[in-house]
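Visitor: 3D, please:
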Amino acid sequence: MSGRIFVVDDDPAMIEAVAAVLSLDGFDVDGASDGATALRAVLNDPPALLVLDVSMPGLTGWELCEIVRRQPITRDLPILFLTGRGEVRDRITAMQVGGTDHLTKPFRAEELRARVRALTASGPGKGES
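Guide: All right, here's what the predicted structure looks like:
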């Protein structure tokens with residue numbers, strides 16, 4: 001895996017905000033505004049981490065997570081849900097569908113950076129051989 005993060009959110013401004021924060025740690029950030037586009041991109045070139053919103057047109061983040069988990073190439077991919085849905089039942093659902101972590105919007109930059117570093121073994125390139 002590389003130091004590339006893939007963000008899926010139907011709000012382009014959110015993808016840009018996440019990219020701005022994560023670039024501080026040297027991550028390259030790609031994104032998509034819908035689940036179908038994201039699925040093709042992630043299966044073609046798996047990132048170090050997938051960041052998913054829940055509420056999107058077409059595939060929801062939960063549905064996308066379940067599909068990603070069923071694919072051998074992405075089965076172990078860390079998945080961080082970054083969503084406005086922060087109720088306990090939403091956090092539980094995120095874990096039940098295969099999410100690795102959950103963070104609620106609006107996010108704090110320091111917390112997002114810390115969680116991403118933890119989920120990607122401390123930063124870009126750490127998982128490469």
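Visitor: make it CA atoms for all contacts and neighbour counts henceforth
Guide: Will do.
Visitor: So, low pLDDT: which residues of the chain?
Guide: Residues of the chain meeting the criterion pLDDT under 70: 1-2, 122-129.
Visitor: how much space is there between residue 111 and residue 71?
Guide: Using CA to CA, to the nearest Å, residue 111 is found at 29 Å from residue 71.
Visitor: And the strands in this protein?
Guide: 4-8, 28-32, 49-52, 79-83, 101-104 (DSSP state E).
Visitor: Could you name the helices and strands sitting against the third one?
Guide: Contacts defined by 3 or more CA pairs under 8 Å, 6 or more residues apart in numbering; DSSP states H and E place strand 49-52 against strand 4-8, strand 79-83.
Visitor: can I get the CA coordinates of it in CSV?
Guide: Extracted C-alpha coordinates of strand 49-52, given in CSV (Å, rounded to 0.1, in the frame of the first residue of the first chain):
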residue,chain,number,x,y,z
LEU,A,49,-7.1,4.0,3.7
LEU,A,50,-10.7,4.5,2.5
VAL,A,51,-12.6,7.4,4.1
LEU,A,52,-16.4,7.1,3.6
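Visitor: what's that strand in contact with?
Guide: 4-9, 61, 77-83, 116, 119-120 (CA atoms under 8 Å, 6 or more residues apart in numbering).
Visitor: Can you give me the neighbour number for residue 72?
Guide: By other CA atoms under 10 Å, 10 other residues sit near residue 72.
Visitor: residues touching it, list them.
Guide: Residue 72 makes contact with no residue under the criterion CA under 8 Å, 6+ apart.
Visitor: before we move on, what about residue 34?
Guide: Residues counted as contacts of residue 34 (CA under 8 Å, 6+ apart) are 8, 9, 10, 56, 57, 58, 59.
Visitor: Pretty sure the fifth one sits against residue 11.
Guide: No: counting by CA atoms under 8 Å, residue 57 sits too far from residue 11 to count as a contact (11.0 Å).
Visitor: Roughly how far does the spatially closest residue to residue 93 that is not a sequence neighbour sit from residue 96?
Guide: Of all residues not flanking residue 93 in the chain, residue 62 sits nearest, at 7.8 Å (CA to CA, 6 or more residues apart in numbering). Noted for residue 62: a distance of 9 Å to residue 96, by CA to CA.
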